[in-house]
Every structure is written in structure tokens, then in C-alpha cells.
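Enquirer: compute the structure for the input listed below.
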Amino acid sequence: MRTEGTPGAGLGVPSAIPRRGIEAWRARLVWSGVDWIDDGVVACRHGRVAWIGRTSAWRRTGADAVDLGEVALLRGFVDAHAHLDLSHARIEERAVFERWVADVVALRRTAQGDASSAIAAGEDLLLAGGCTSVADIDGGARLRDGRGARLRTLAFVEVLDAHDARRREDASRRLARAGEREGRLVRAVSPHAPHTASAGLLRRAARACVPLQIHCAESEAEVEWMIDGTGPFAAWLGASPRRAPLEHLLRAGALRPGTTLVHANHLDPERDGPLLARRGVALVHCPGTHRWFARAAFPFAAWRRRGVRVVLGTDSLASNDALDCRHEAALAMDTLRASPVEALRMLGDEAEDALGRPFGRTGLGLGARADFAAHRTTAAADAALEEVLRSRQSAALVWIAGAQVLLCGTDRDASAPA
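Expert: Take a look at the predicted model:
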């Protein structure tokens, strides 16, 4: 199917747009949010999408558009969960999750001084894949300087006390930074996980009135410790709350709109889905990490049937073969049986909704903040979306707020550091 312009755009006549400050780009294909526009134009003004439609309609105004040639313009992807400070990490342990956790903790202790370069490398890889927004866990001893952020970054300040009262003062200092804005970065809060965040810390985080992101039920070991106080985590943690992870979060008021639970491998959609749907809580699934650890199939269809939103994240190169949203989309199509349009939504509008829209609406919708990318493709309209989502070729161009931020003239393996 092909469209003449943006459905319900309201500004279907280009002549209605003031000429001053307008920039426009023409591409062989433009994704309207519903379908492809053949031979389309995107026009931006003051960093927002002012018009989208057919080139023939744009030309009738006599206005110019930069011809980008054989590319498809697609909204910028939203990576709903990442650890960019681990972009230099390569950890071999996969068989025992608790050992992998220990390796990550040890790596962070020795690599704090290299965090800035790792974050920059991670940003380069995400941009090369057409990503323009990222939900990044800021777990460093010193919070990152947001003034250097190249992507729109929802930085989840990680707080944890391991159920130990002696660690709560530091967590409180970090919580105080919630809601700050620096450049393209907005700070939110990540109480690390139910097994590492006490009820009191969770309550304070939930009252912060910012988005929350929480690792939840990623492994059997953490669930075992939460409920019974036994298992591998018992040697690291204090007294168990003796309750299930979701009950722990619910009692603290942390299950609410704007909360995303990451991984959730050991939650049950039939048992837990109604509660999460009722509370407006979304799940973040990271297909690359799921495959990396050879985990059992993720019950995507069951969660969706229960009304729970599922969106996609990349996690990190400590537990993934690539840092590229398209890699996650391809795996979602292959392992979750998501359609190309579903995969795009999980990396777009649905991800923004799940994260509480900290930057408003971005993408290629009329009036949206103009975050989009040009991807090389020669495929016909019906096949182009899947081809783009399966591509490992660098995006040709990327724009944030209508300004170009990346120009890649050569192919790049998106799993390799920039």
C-alpha cells in the first residue's frame, strides 16, 4: 500500500506553511507512521515536522527539497534499555548468570575512568543504526555529564542499597538528581532491582514523579532469594523480604505508569499480566541478550494478550552481539514472530509511551520533534521496512530536531566499537 500524504495530517497543503526557516528533504520512500509514501518529502521548521507528503505536491509550491536519492526515511529508533558505559565490555561468561553479574561488577570497578569513552562509543553505534533516543542506565560512581549527550538520553540514575541501611545515604544523594536536564539528557531513576532495592528506597524513588526503570525477575536466583532467602544471592545480600518481586514493588508504590520492568524472564503473563496492565507498567525485552544467555522463549504473545505493552532494548555489549536497534528488531521478527510494523512500533511510539515521553513526541509525525534517519534500500515499498530493519549497513544520515548528527559514507559492522 502507498499513501499520498500523512493520514489526518491537517496541513495537507504545503502552501499553508510559512517559508521562512523551512528545510525539506526528498527520498524515494518516506514512512508516514502507517505506510510508505512513494517519492516523498519531509519538511521541518524549528526542529519539528511541518509537512510530510508526495514530492509532486511539494513541488507545486515552488519550494526546494534536498534530494537524498535511493533511501528510505524512517523515524528515529528509541532504545528502551541500554548500559552505554559497558560499550567496551566483552564478558565471556554466559552459562552461570551470577558469575556474569560478578564479572560486570568487577569490570565496572576497574573501568570507571573509561566510562566516558565507552558511552561515546555506544552512542556512535546506536546512531549508526538510526537510533535517536536511548534509555540509559547511569550506574557510574559519578553521574555522566549530560551536556555531551549526542542522542536524546533518558538517563536512569541507578540507586540500590542491597537491603543494607548503611548504603541508603549514597542512594538518597543520587535520588536527589532526578528530574534534572542537561542538554539532550533528562535524569530519571532506576532502583536497580527488587533484590537490591529495599522497600524504603523504592518508596522514595516512586515518589520522585519521574519515570522508573527496574530490572525485574531476570534470573531464577534472584526470585529464589526474594521469596525464600536462599540461593546464590544469599551470600551477597542481607535479610530477604520474603515476598515475590512484584509484591515487593507493588507495596512500595513502584508499579505505576512510567515504570518499565526490564527482562521479566521469570514473571508469568497469566498470573502477573492483569496487574501490570491495570497499573500501566510496560516490559522491556532485549532479544539479543535473551539469545546471548540462551534463555527460554519469551512469551511475547501472551503478554500482549494480557494488555501489557512490550518494547525493545539493546542492553549492552557485555551481553549482546551488537548495539543496534535493528538487530533487536530482526530478532523480534524471528523469535517473537512480530511483524515489521510491530517491531518498528516497539522501537518507536510504544517505547516513547512506555518511558513517559520525556522528550515529547519524536519521529516523522506532523508536529513531532524531527528525529529521523535515511537508510539505503532499493526494495519496493512492501518489502522496504523489513529490509531496513534487517540491515547491518550504517544509516546514511541521521537527524535530531531536524539537524543532521551523523554522516556515514562507508559500511560499518554495528557490533564493532566506533
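Enquirer: how about low-confidence regions in the stretch 301-418 of the chain?
Expert: Filtered on pLDDT under 70, the stretch 301-418 of the chain yields the residue ranges 406-418.
Enquirer: tell me where it has strands.
Expert: Residue ranges of the strands in the stretch 301-418 of the chain, as given by DSSP state E, counting those that start in this stretch, are 310-312, 362-363, 369-370, 372-376, 397-400, 403-407.
Enquirer: return the most buried member of the ones you listed.
Expert: Most buried of the strands of the stretch 301-418 of the chain by mean neighbour count (mean count of other C-beta atoms under 10 Å) is strand 310-312; its value is a mean of 27. Heads up, the C-betas are built off the backbone N, CA and C, glycines and all.
Enquirer: could you spell out the sheet neighbours of that strand, each with its direction?
Expert: When pairing is defined by DSSP bridges, strand 310-312 lines up against strand 282-285 (parallel).
Enquirer: go ahead and name everything in contact with the very next helix or strand once past the partner strand.
Expert: Next helix or strand after strand 282-285 toward the C-terminus (DSSP states H and E): helix 287-292. Helix 287-292 is contacted by residues 94, 263, 265, 298, 312, 314-316, 319-322, 327-328, 331-332, 335-336 when judged by C-beta atoms under 8 Å, 6 or more residues apart in numbering.
Enquirer: and with 6 Å instead?
Expert: Counting by C-beta atoms under 6 Å, 6 or more residues apart in numbering, helix 287-292 makes contact with Phe298, Asp315, Ser319, Asn320, His327, Glu328, Leu331, Ala332, Thr335, all of which sit outside it.
Enquirer: dump the strands of the stretch 301-418 of the chain to CSV, plus distance to Leu347.
Expert: Below are the strands of the stretch 301-418 of the chain laid out as CSV (distance: least, C-beta to C-beta, whole Å):
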stretch, distance to Leu347
strand 310-312, 5
strand 362-363, 11
strand 369-370, 16
strand 372-376, 12
strand 397-400, 14
strand 403-407, 17
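Enquirer: and Ala193, which of those strands is closest to it?
Expert: Comparing the strands of the stretch 301-418 of the chain against Ala193 with C-beta to C-beta, the closest turns out to be strand 310-312 (18.6 Å).
Enquirer: domain parsing for this structure?
Expert: Domains of the chain are assigned by automatic domain parsing as 14-76+361-407, 94-354.
Enquirer: which stretch among the ones you listed comes nearest His83?
Expert: Closest to His83 of these is domain 94-354 (C-beta to C-beta; 3.8 Å).
Enquirer: now do the same end-to-end measure for that closest one.
Expert: Using C-alpha to C-alpha, to the nearest Å, the end-to-end distance of domain 94-354 comes to 29 Å.
Enquirer: how far off centre is it?
Expert: Computed by C-alpha atoms, centre = their mean, to the nearest Å, the chain-centroid distance of domain 94-354 equals 10 Å.
Enquirer: picking up where we left off before, and Ser117, which of the strands of the stretch 301-418 of the chain is closest to it?
Expert: Counting by C-beta to C-beta, Ser117 lies closest to strand 403-407 out of the strands of the stretch 301-418 of the chain; the figure is 18.1 Å.
Enquirer: shaky segments in the stretch 101-250 of the chain?
Expert: 111-113.
Enquirer: show me where it has strands.
Expert: 131-138, 152-159, 181-182, 185-191, 212-216.
Enquirer: list the helices and strands the first one packs on?
Expert: Spelled out, that is strand 131-138. For strand 131-138, the packing partners by 3 or more C-beta pairs under 6 Å, 6 or more residues apart in numbering; DSSP states H and E come out as strand 77-82, strand 152-159.
Enquirer: of these, which is nearest Gly280?
Expert: For these, proximity to Gly280 was assessed by C-beta to C-beta; strand 77-82 is nearest, at 15.3 Å.
Enquirer: number of nearby residues for the closest residue to Arg256 other than its chain neighbours?
Expert: Distance criterion C-beta to C-beta, 6 or more residues apart in numbering; nearest residue to Arg256, sequence neighbours excluded, is Arg279 at 6.0 Å. By other C-beta atoms under 10 Å, the residues close to Arg279 number 16.
Enquirer: coming back round to it: out of the strands of the stretch 101-250 of the chain, flag the one nearest Ala165.
Expert: Relative to Ala165, the nearest member of the strands of the stretch 101-250 of the chain by C-beta to C-beta is strand 152-159, separated by 14.2 Å.
Enquirer: just checking: what are the partner strands of the closest one?
Expert: strand 131-138 (parallel), strand 185-191 (parallel).
Enquirer: what angle do the longest one and strand 372-376 make?
Expert: It stands for strand 131-138. With axes from the mean of the first three to the mean of the last three C-alpha atoms, to 10 degrees defining the directions, strand 131-138 sits at 120 degrees from strand 372-376.
Enquirer: now the shortest one
Expert: Using the same axes, to 10 degrees, the interaxial angle of strand 185-191 with respect to strand 372-376 works out to 90 degrees.
Enquirer: start the count at 29 instead of 1 going forward.
Expert: Sure thing, new numbering starts at 29, so read that last one as strand 213-219.
Enquirer: Cys237 is nearest to which of the helices and strands packed on strand 159-166?
Expert: With respect to Cys237, and counting by C-beta to C-beta, the nearest of those is strand 180-187 at 14.1 Å.
Enquirer: switch the strands paired with strand 180-187 over to TSV; also include distance to Gly68 and mean neighbour count.
Expert: Converted to TSV, the strands paired with strand 180-187 look like this (distance: least, C-beta to C-beta, whole Å; neighbours: other C-beta atoms under 10 Å):
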stretch	distance to Gly68	mean neighbour count
strand 159-166	19	27
strand 213-219	31	26
